[in-house]
Each structure stands twice: as structure tokens, then as C-alpha cells.
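Student: Pasting the sequence and the predicted model now:
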Amino acid sequence: MKKIINVTPHPITLVSPTGDVYTVEPCGVVINAVPAEIFAGTHPSGAELVMTTFAPCPTSAAALVRLEQENPGAVILGSIIAAQAYPGRVLAMVPAAGFERVPPAEKRMRDDKFTTF
């Protein structure tokens, strides 16, 4: 069984390929990122268009190094924003089949497939 570390502030309900449902509580460390806007052009209406990127936050980056050192080979599961800021190190969740468009409290996420950037 793989070790999954939850670096979000809320519990995550996961589903295994065999249908086992379980919850991974937050580990106590929240991995954050810093947004930055890049000019992407001007819309025909005159509105400015930007692309938002996410960079590591120094405090979170240090915490992530510690988590990785203390838990080699663990899946570090975070937000889609954290996954963008720490590509390949923090992974984002993929909904289980049938749970793609349900309220957050009802979400079930796969434990065998993750999003990376």
C-alpha cells in the first residue's frame, strides 16, 4: 500500500481500484503557492488578459523538503495550485468515476491516478 500524505487543510476521501473507500486526514502541513500574472493580450472588448502561474512559497518549499526527506516515496497530495507550483513533487487529485461533478463533501478521489504539471 502506498503512503499518501495530505497537504491540504481538509480531509480527502479516496477510492482504491478495488472500491475500498477511506479518508486521509490533513498532515498538519499545508503546501501553498504564490500567484503571478503574466500579460497574455487584450480582449476585443479592451479587457486585459492575463495568465496566472504559481510559484513555490519559501515557507512551503522548506516544509515540502522536510516531508519528502521524512517520507521517501510517499505520494504528497495537494491542491491543483500546489501541484502547479511544485511539479512532480505535489500531486493533485483525480475524481473517481461518477464523482466528477458532486459537492465537495461527497467527492471521492482515485488513489491510483494523480494530476501533475
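Tutor: Great, that's in hand. Residues are numbered from 1 along each chain as shown.

Student: Please make it C-alpha for all contacts and neighbour counts, starting now.
Tutor: OK.

Student: Just the strands from the protein, written as ranges.
Tutor: 4-6, 12-15, 21-24, 33-42, 48-56, 75-78, 91-95, 109-115 (DSSP state E).

Student: okay, these, which one's buried deepest?
Tutor: Of the strands of the chain, the one with the most neighbours on average (mean count of other Cα atoms under 10 Å) is strand 75-78, at a mean of 23.

Student: What strands line up against that one, and which way round?
Tutor: strand 4-6 (parallel), strand 91-95 (parallel) (DSSP bridges).

Student: With distance to Glu37 and mean pLDDT added, can I get those strands in a markdown table?
Tutor: A markdown table is the format used below for the strands paired with strand 75-78 (distance: least, Cα to Cα, whole Å; pLDDT from 0 to 100):
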| stretch | distance to Glu37 | mean pLDDT |
| --- | --- | --- |
| strand 4-6 | 27 | 98 |
| strand 91-95 | 22 | 97 |
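
Student: Which one, of these, ends up nearest to Pro104?
Tutor: strand 91-95 (10.8 Å; Cα to Cα).
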